[in-house]
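K.L.:
Need a 3D model of the following:
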Amino acid sequence: MNTTSSHELNGSASLHVFEQEGGWHWGITVPRSLGSGFKVVAYSDKTFIDEAEAHREGNQALERFADAPAEAFGPQ
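P.N.:
Have a look, this model is predicted:
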């Protein structure tokens, strides 16, 4: 799992599962603090064979992400 810093972690993170380059991947986003849109704060390095597997691992990552203190993801 790759992560970047996040300004708002508490309850605002969303999981996205998508098909790309012949496999399934997941990403976690949070709303941008300024302007509009979303920022990708974590994503899978692994390519999954099926969507269900990507969802399972993505949900596990989302749970770990939500439980982590904001300081773990760099300066706010």
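K.L.:
Determine the longest strand present in this protein.
P.N.:
Counting residues, the longest strand found in the chain (DSSP state E) is strand 23-31.
K.L.:
Show me what it packs onto, helices and strands only.
P.N.:
Counting contacts by 3 or more C-beta pairs under 8 Å, 6 or more residues apart in numbering; DSSP states H and E, strand 23-31 is packed against strand 14-20, strand 38-43, helix 51-67. Just so you know, the C-beta spots here come from the backbone N, C-alpha and C atoms, and that holds for glycine as well.
K.L.:
so which of these comes closest to Val30?
P.N.:
Nearest of the helices and strands packed on strand 23-31 to Val30, taken as C-beta to C-beta: strand 38-43 at 5.5 Å.
K.L.:
ok, that closest one: who's next to it in the sheet?
P.N.:
strand 2-3 (antiparallel), strand 23-31 (antiparallel) (DSSP bridges).
K.L.:
how about CSV for those strands, with mean neighbour count added?
P.N.:
Shown next, in CSV, are those (neighbours: other C-beta atoms under 10 Å):
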stretch, mean neighbour count
strand 2-3, 14
strand 23-31, 20
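K.L.:
Quick one, which of the ones you listed gets closest to Asp50.
P.N.:
That would be strand 23-31 among the strands paired with strand 38-43, by C-beta to C-beta, at 6.4 Å.
K.L.:
Show me the shaky parts of the chain.
P.N.:
Along the chain, segments meeting pLDDT under 70 span 1-11, 68-76.
K.L.:
center of it - which residue?
P.N.:
Ile28 (1.7 Å; C-alpha atoms, centre = their mean).
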